[in-house]
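S.K.: have a look at this prediction, sequence included:
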Amino acid sequence: MPHDLATRLREVREANSLSQRALAKATGISNATISLIESRKMDPSVAVLKRILDGIPMDLSEFFAEPDREPRTPVFYYRSEELVEIANGKVSYRQVGSQVPGRSIQILHEHYEPGGDTGKVALQHTGEEGGVVVRGHLELTVDGERCTLGAGDAYYFDSNRPHHFRNCGSEICEVVSACSPPSV
């Protein structure tokens, strides 16, 4: 993880002249939750962190970008170590081309540990997204409709619809996905 999430959130919030209360009010996330995250007593799900950052506003890739890293000239390839980690815990999202300015598509290499999921709060954002399960089993819920996908299966839907991802298998689930416009 490129940053200490708690310290980074506090720095970003303060740099935007927001109190914990003001950020809570803007996002619908409780002041207590923001306080617990900043005091390292709670790790937020990706969906909760995204909602908090929407109140700043800042996307996940900007939040997790390494500030001392020089932006590089965009190229057509990226080595594994150059993919930027934008989630932690039981779910890993590694983003391709996060340093490309004005990108119109987001490509993620995702890993879900057994039981790993996107959190209690459903994801919902502007755009479309699709992906292919490379290995393992992924439970996808869109608008309350649940489906289990295995290796080689794929999905594609309007991201405005509430959605949730969960590894329902006993091994790591690996997915390659794309979203346009970028949601994080």
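M.R.: Here it is on my side, so go on. From a predicted model like this one, the values you see are computed outputs, not experimental measurements.

S.K.: the closest residue to Arg21 other than its chain neighbours: what's it in contact with?
M.R.: Leaving aside its sequence neighbours, Arg21 sits nearest to Asn31 (C-beta to C-beta, 6 or more residues apart in numbering; 5.2 Å). (C-beta placed from N, C-alpha, C; glycine too.) Asn31 is in contact with Gln20, Arg21, Ala24, counting by C-beta atoms under 8 Å, 6 or more residues apart in numbering.

S.K.: list just the nearest of those residues to Leu123.
M.R.: In terms of C-beta to C-beta, no member of the contacts of Asn31 lies closer to Leu123 than Ala24, at 20.0 Å.

S.K.: okay, and the closest one sits in which element?
M.R.: helix 20-27 (DSSP states H and E).

S.K.: thinking again about what came up before, now, of the contacts of Asn31, which are buried?
M.R.: Neighbour-count burial (16 or more other C-beta atoms under 10 Å) applied to the contacts of Asn31 gives Gln20, Ala24.

S.K.: export the contacts of Asn31 to CSV and tack on pLDDT and distance to Leu60?
M.R.: As requested, the contacts of Asn31 are exported to CSV (pLDDT from 0 to 100; distance: C-beta to C-beta, whole Å):
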residue, pLDDT, distance to Leu60
Gln20, 92, 20
Arg21, 92, 23
Ala24, 90, 19
